[in-house]
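Novice: model this:
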Amino acid sequence: MKNDTRAGRERRARARFNGPNGSFGADPRSAGRERDGGPTPAGPQFGPADLLPFAQAFARRWPWLVLGAAALGWAGGWCGVQRWKETYTASTALLRQSSTHVQDVLGDHDLDPNTYASLLRAPELVERVAAQALPPVDAEWLAARLDIVCDRNSDVLQIAISTTNREAAVDLANRYSREAVKFTQELQTNTAARARLFVTRQLAPLEAELTALHRENLAQAPVAGHAAKRGAAPRAAAPAMSPLLLDRLQAARQEAAEMLARYTEKHPLVQQQEAKIAVLQQELLQSSALSTASTNTNDQADAAAAPAPAMPSRESLLTDAKLQMVENARLTLLEQQEAARALELDPPGTCQILAPATLQTVIAHKRTAKIAVLAGFGGLLGFLLVGAVIVWGEAVDPRLKTVADVERVTRLPVVASAMDLAGMSPAERRDWAFRAWTNLQGLLSCSPNHGFVCGFTSSDHGEGRSTWVRLLADAASQRGFRVLTIVAVPGTHNLRKLAENQPAESREQRTTPGEAHTDLVMSNVLNTPDAVTQKLIGPNPEPIVQIPLPGWVWDLERRRQWHAALRHWSQIDNIALLIELAPASMPETVLLAENLPNLIWLADAKKATAAKTCDQLQTLRHARCHLAGAVLNRADPPFLRNRLARWFA
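Specialist: Presented below is the predicted three-dimensional model:
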């Protein structure tokens, strides 16, 4: 009965580990995998979990984000302090005033409010105020800080000036308003002077024409004569009035008209001039009477027979009418001239100050908001720049740091992952090893009580293969498995690797060289695999047996011995055969892995790179190695994944 039972177990073991070509076949649970090269490689699959490394990178480097945001935020605030100052705006109110009389004299029209505001921005006015300021300022600087606003539907203009000093703003605003009033007065003075000059030029020909008409009128005055009896010629007319008196009278009248343009009729100067005109007229009449008195004595006899005075001629009437028209035009021009002269001497201006600027009406403009906005923008920019650097660094980092990275690059399922095992307590390491062994057994074994053969390799030295094999061996032993650990590394490294894999208690208890190698088969284990089997199933079975592989030159005969030894050991009931292989970059590792039913790829998050991993896995797949899965060593704590497990489970 025992023989049948043992024979049945051997047949089942051979069926489980023997492939169709005499090599180790895959586990029955892995029927869906590619039999020649492990699981069928699938294309890279991207999902939400692939974004977790970036989030974790941000979480790990948050001090750099804060530092970058603070640095650029401070730089932005400093630039804002240097660029902006607290300003004060002082404003004055000007009232526009327009006079119909002034417009008639100057011939101006009322300006549009915007045009009038542009007039008050004249460069001449700005330069004048800039030169008079205390201390003097640049005209362009003042123009840039000047603002003239017209109130809608009103004749009020607001002149505002902004500076960094409250008192200076008030002084400049009031000074500009006063100079603006003076500027408009000067404009009126200049315009009135031009108008007066124009009228004076028009008066000159009128004065000459008026004098000529007066002379012509005197020459055409009617003469008194009588006809001599019996064909006697008529007597000559009375002598004409004195031309000198006429000129004086004309000048007096012109001066009186000029006075009337400036003064009223009751003014003493006007009354004095009228008296002067009356005296000249009286003298003119007396001169005319004396000229005619000498002829009265001789002509008394003929007075009755003399004909009546002749009626004024047509030429005399035309001359009188023309004289009147010229006189009226002259008087009109004289009035315009006097009005222009009066406006030139005392111009009213087109505006006046309605409300001067005071310290109480100054508006303060704080720079706090601007600096805060610039500092905030700088902080955001710094955060984004540092974030971009972190994202770029994470994107170009070739290391396989997360489970998603390993699955995407290796195209293998990740069986287990471990954080820093050296930082764990013994109890935490035991708990982790138990869970990792359970996951590995669930992937590779058809049932929890069946053993399996599994090899471990990586892309480089020092990625933790020995630690993983040792901890998994302990966990398998706790589950009741017979554990056989094979260290397939170069011969010169065998003893050192085995010493590292030995538990600390065993190393302390074994002091002599003979005791140190009690559990090691130093002979050629490939030629005598039964010696190892006896240590596992003998009278005093050992739960864990570690053996090194001698030599490191693997010819065809040695590989056949290796295959036969694995087949022999796999027939042991409830066996867990764990093989630590050298890095996959060594050709010998590929040769050894060809005969393994399961091969686990181990990636160290601090060392394993994507390019090297892809190259070496491609070589293993081309060698038709049975890649069953991958494990990740020294992975970063997935605290974000734990918190977001509901979404990224």
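Novice: contacts for the one helix or strand D615 maps to?
Specialist: For D615, the host element (DSSP states H and E) is helix 610-622. Residues from elsewhere that reach helix 610-622 (C-beta atoms under 8 Å, 6 or more residues apart in numbering): 37-38, 41, 398-400, 405, 409-411, 459-460, 584-585, 590, 593, 599, 601, 603, 627. Placement of C-beta: from N, CA and C, glycine included.
Novice: What is the lengthiest helix in the chain packed up against?
Specialist: Longest helix in the chain by number of residues, with DSSP state H as the criterion: helix 166-219. Applying 3 or more C-beta pairs under 8 Å, 6 or more residues apart in numbering; DSSP states H and E, we find helix 166-219 packed against strand 87-96, helix 100-106, helix 123-132, strand 156-163, helix 243-262, helix 314-345, strand 351-355.
Novice: Mean confidence (pLDDT) on it, please.
Specialist: Helix 166-219 shows an average pLDDT of 85 in the prediction.
Novice: which one is V409 nearest to, not counting chain neighbours?
Specialist: Using C-beta to C-beta, 6 or more residues apart in numbering and skipping the chain neighbours, the partner closest in space to V409 is A610 (4.9 Å).
Novice: how much space between the one you found and A75?
Specialist: Counting by C-beta to C-beta, to the nearest Å, the separation of A610 from A75 is 37 Å.
Novice: And for V326?
Specialist: From V326 to A75 the distance is 84 Å (C-beta to C-beta).
Novice: Can you pick out the residue with more neighbours from these two?
Specialist: V326 (19 against 16; other C-beta atoms under 10 Å).
Novice: pLDDT wise, what is the more buried one at?
Specialist: 77.
Novice: In the stretch 251-400 of the chain, where is pLDDT below threshold?
Specialist: Applying pLDDT under 70 to the stretch 251-400 of the chain flags residues 257-258, 260-262, 264-265, 281-282, 284-320.
Novice: Show me how the record splits the chain into domains.
Specialist: Structural domains of the chain, as assigned by automatic domain parsing, span the residue ranges 52-84+368-396, 86-194+351-365, 398-507+528-642.
Novice: most tightly surrounded among those?
Specialist: Burial of the domains of the chain is given as mean neighbour count (mean count of other C-beta atoms under 10 Å); domain 398-507+528-642 ranks first at a mean of 19.
Novice: quick one on the thing from earlier: out of the helices and strands packed on helix 166-219, nearest to A143?
Specialist: Nearest of the helices and strands packed on helix 166-219 to A143, taken as C-beta to C-beta: helix 123-132 at 5.2 Å.
Novice: what's the angle from that closest one to helix 166-219?
Specialist: With axes from the mean of the first three to the mean of the last three C-alpha atoms, to 10 degrees as the basis, helix 123-132 and helix 166-219 are set at 130 degrees to each other.
Novice: pLDDT of helix 123-132, averaged?
Specialist: Helix 123-132 carries an average pLDDT of 92.
Novice: who does it touch, helix- and strand-wise?
Specialist: On a contact count with 3+ C-beta pairs under 8 Å, 6+ apart, helix 123-132 meets helix 139-144, helix 166-219.
Novice: picking that back up, return the subset of the contacts of helix 610-622 lying in strands.
Specialist: 599, 601, 603, 627 (DSSP state E).
Novice: what about the nearest residue to the third one once chain neighbours are set aside, distance to A418?
Specialist: Leaving aside its chain neighbours, A603 sits nearest to L400 (4.8 Å; criterion: C-beta to C-beta, 6+ apart). From L400 over to A418 the distance is 14 Å, taken as C-beta to C-beta.
Novice: where do the contact lists of those two overlap?
Specialist: L632.
Novice: So L577: helix, strand or coil?
Specialist: strand (DSSP: H, G, I helix; E, B strand; the rest coil).
Novice: For the residue nearest to it when sequence neighbours are not counted, report the pLDDT, please.
Specialist: Spatially, and ignoring its direct neighbours in sequence, L577 is nearest to V453 (4.3 Å; C-beta to C-beta, 6+ apart). In this model, V453 is scored at 87, pLDDT.
Novice: so what's the closest residue to R128 other than its chain neighbours up against?
Specialist: Excluding the flanking residues, the one nearest R128 by C-beta to C-beta, 6+ apart is E179, at 5.7 Å. Applying C-beta under 8 Å, 6+ apart, one finds that E179 lies in contact with 125, 128-129, 132.
Novice: Let me have those in CSV, extended by distance to I537.
Specialist: Shown next, in CSV, are these (distance: C-beta to C-beta, whole Å):
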residue, distance to I537
L125, 115
R128, 116
V129, 112
Q132, 115
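Novice: between those, which is closest to L536?
Specialist: Out of the contacts of E179, the member with the shortest distance to L536 (by C-beta to C-beta) is V129, at 107.9 Å.
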